[in-house]
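Enquirer: Fold the following, please.
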Amino acid sequence: IRDSVASRGFGDVYKSQLYATVLVAMACGLANTMLLAVYERMREFGVMRSLGLRRSRLIAMILIESALLTVLGTLLGVALGLGATARLAETGIDLSRFAGALESYGIGAIVHPRAEARDAMSPLLLALLTGLLAAIWPGVKAIRLSPAEALRRR
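Expert: This next block holds a predicted model:
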C-alpha cells in the first residue's frame, strides 16, 4: 500500500476512496428510489405490458428515468460543489489547529482549494455509470412480472 500511495500521491488515493464511498451510497439511494417508483407504478406497467409494450422498452424507460435522476442530481451537486470551492478559494480553510500534523505532508495552515475541469468529469461519468447500474435491479423486477400479475397488485 505504501508504494501505491507514494507513486500516485496521497490526494489521488484519498480521492479514489472518497469517490468509491460516495458512489456506493449513491447507488444504494438510487436503487431504493427506483425500486420504490417501480413498485408504486406496477399496475401502470401491467397495463402498458398488456397493451403490447416490450420488456426491452420497459427497462429502457426505467434506465432513462434513472439516468435523468442521476444527471440532474450530479449536476446540482457539481454546481453546489464548485460554488463552495470558489468561495473557499477566496477565504481559505484555516487548518492551523492541525498545523503540526500537516507539516509532515507539506500542507500549510491555510488551504485554498481549487477545482479543475478534470476534477468534475470523472465524478460525472462515474455517477452516470453507477446510476445506470443501480437501475438494473429495479428494471429487472419490473420486467419479471407478468402483465396479469402486475394488474392484480395494489
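
Enquirer: the helices in this protein, which residues?
Expert: Using DSSP state H, the helices of the chain run over residues 2-8, 10-40, 42-50, 55-91, 99-103, 117-144, 147-152.

Enquirer: Need these in TSV (columns: mean neighbour count).
Expert: Heads up, the C-betas are built off the backbone N, CA and C, glycines and all. Conversion of the helices of the chain to TSV gives the following (neighbours: other Cβ atoms under 10 Å):
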stretch	mean neighbour count
helix 2-8	9
helix 10-40	14
helix 42-50	17
helix 55-91	14
helix 99-103	12
helix 117-144	17
helix 147-152	14
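
Enquirer: and of these, who's closest to Ala109?
Expert: Ranking the helices of the chain by distance to Ala109, with Cβ to Cβ as the measure, places helix 99-103 first at 4.6 Å.

Enquirer: which other residues reach that closest one?
Expert: With contact meaning Cβ atoms under 8 Å, 6 or more residues apart in numbering, helix 99-103 is reached by Leu95, Gly108, Ala109.

Enquirer: what's the closest of those to Ala148?
Expert: Comparing those against Ala148 with Cβ to Cβ picks out Leu95 as the nearest, at 62.8 Å.

Enquirer: any idea how far Ala84 is from the closest one?
Expert: Leu95 sits 16 Å away from Ala84, going by Cβ to Cβ, to the nearest Å.

Enquirer: which stretch in the helices of the chain is the model least sure about?
Expert: The weakest mean pLDDT among the helices of the chain belongs to helix 2-8, with a mean of 48.

Enquirer: most distant residue from the middle of the protein?
Expert: Gly100 (35.3 Å; Cα atoms, centre = their mean).

Enquirer: From His112, how far off is that residue?
Expert: Between Gly100 and His112 the distance, using Cβ to Cβ, works out to 20 Å.

Enquirer: now do Asn32
Expert: 38 Å.

Enquirer: Likewise for Ser104?
Expert: The span separating Ser104 from His112 equals 20 Å under the rule Cβ to Cβ.

Enquirer: And those two? Which one has more around it.
Expert: Each of Ser104 and His112 has its neighbours counted (other Cβ atoms under 10 Å); His112 has more, 12 against 7.
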